[in-house]
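Peer 1: got a structure for you, letters missing:
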Ligand code: 5GP
């Protein structure tokens, strides 16, 4: 496997999706790992692009079948990363970008450590996060409160990540994530170094 993995975590509403879009538009070879979820499809989302939307029964079947690299219950919904998608992308030398929560990251780190670069994205404070969640008008007040509560717990994991981006000024955050993604893409050289050395010596 010659690709690498970039994991982006952080509270919902911190701007991860917009930053990931920038990576996909600017870093050659970057692909998004489309997660499977039992969450309801939001307006503007496309099945197979943003997520693969499914029901709890099928999700459980995939867990039992060992199809997930990691899965977690986030805000009462299930989310999971397909092993098949990740291994195929790694074999093809891609930079696979995962938008997953802290629980999923801790599991992925155990399994794929040498391939992973990790970044935590957050707002400058709790109030800014709440304002963003309100202004995107995607969730009910109850869901927003759950997301803010969850964000408080997620913040405790910051130290587990290699990089931290405080997404206060979008342009600055975009520059930061693009440089992190560019270096993550170069990690691939480390994963196949033995083969590279053999080839280098032969020619
Ligand atoms: P949202 O419902 O706002 O799209 O996502 C909610 C949370 O679920 C986000 O923090 C996102 O990072 C996380 N998430 C999305 N896909 C996955 C996944 O495959 N695994 C895990 N563990 N978390 C995920």
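Peer 2: That came through, no problem. Everything numeric here is computed off the predicted structure, so don't read it as measured data.
Peer 1: quick check, the residue in this structure closest to the ligand?
Peer 2: Across the chain, the shortest distance to the ligand (C-beta to the nearest ligand atom) belongs to residue 104, at 2.3 Å. Where C-beta positions appear, they are placed from N, C-alpha and C, glycine not excepted.
Peer 1: gap between residue 177 and residue 72?
Peer 2: According to C-beta to C-beta, to the nearest Å, residue 177 stands 23 Å off from residue 72.
Peer 1: the two: who's more crowded?
Peer 2: Per other C-beta atoms under 10 Å, whichever of residue 177 and residue 72 has more neighbours is residue 177, with 28 against 18.
Peer 1: looking at it, that one is touching residue 19, isn't it?
Peer 2: Yes. If you go by C-beta atoms under 8 Å, residue 177 and residue 19 touch, sitting 4.7 Å apart.
Peer 1: hey, what's in contact with both of those two?
Peer 2: Common contact partners of residue 177 and residue 19 (C-beta atoms under 8 Å, 6 or more residues apart in numbering): 8, 121, 165.
Peer 1: the residue sitting nearest the centre point of the chain: what's it in contact with?
Peer 2: Geometric centre of the chain, nearest residue: residue 99, 1.8 Å, by C-alpha atoms, centre = their mean. Contact analysis of residue 99 by C-beta under 8 Å, 6+ apart lists 8, 9, 16, 17, 20, 32, 33, 35.
Peer 1: how many neighbours does the first one have?
Peer 2: By the measure other C-beta under 10 Å, the count of residues near residue 8 is 26.
Peer 1: which residues sit against the helix or strand hosting it?
Peer 2: Per DSSP states H and E, residue 8 falls inside strand 4-9. Outside strand 4-9, the residues that touch it by C-beta under 8 Å, 6+ apart are 16, 19-20, 23, 30, 86, 90, 95-102, 104-105, 108-109, 112, 115-121, 154, 157, 161, 177, 180-181, 184-188, 191.
Peer 1: hmm, 6 Å instead?
Peer 2: Residues outside strand 4-9 that contact it (C-beta atoms under 6 Å, 6 or more residues apart in numbering): 16, 95-99, 102, 105, 112, 115-120, 181, 184, 187-188.
Peer 1: can you give the strand pairings for it, parallel or anti for each?
Peer 2: strand 95-99 (parallel), strand 116-122 (parallel) (DSSP bridges).
Peer 1: paired strands for the helix or strand that contains residue 70, with orientation please.
Peer 2: Assessed by DSSP H and E, residue 70 sits inside strand 68-74. Take DSSP bridges as the rule and strand 68-74 pairs in its sheet with strand 77-82 (antiparallel).
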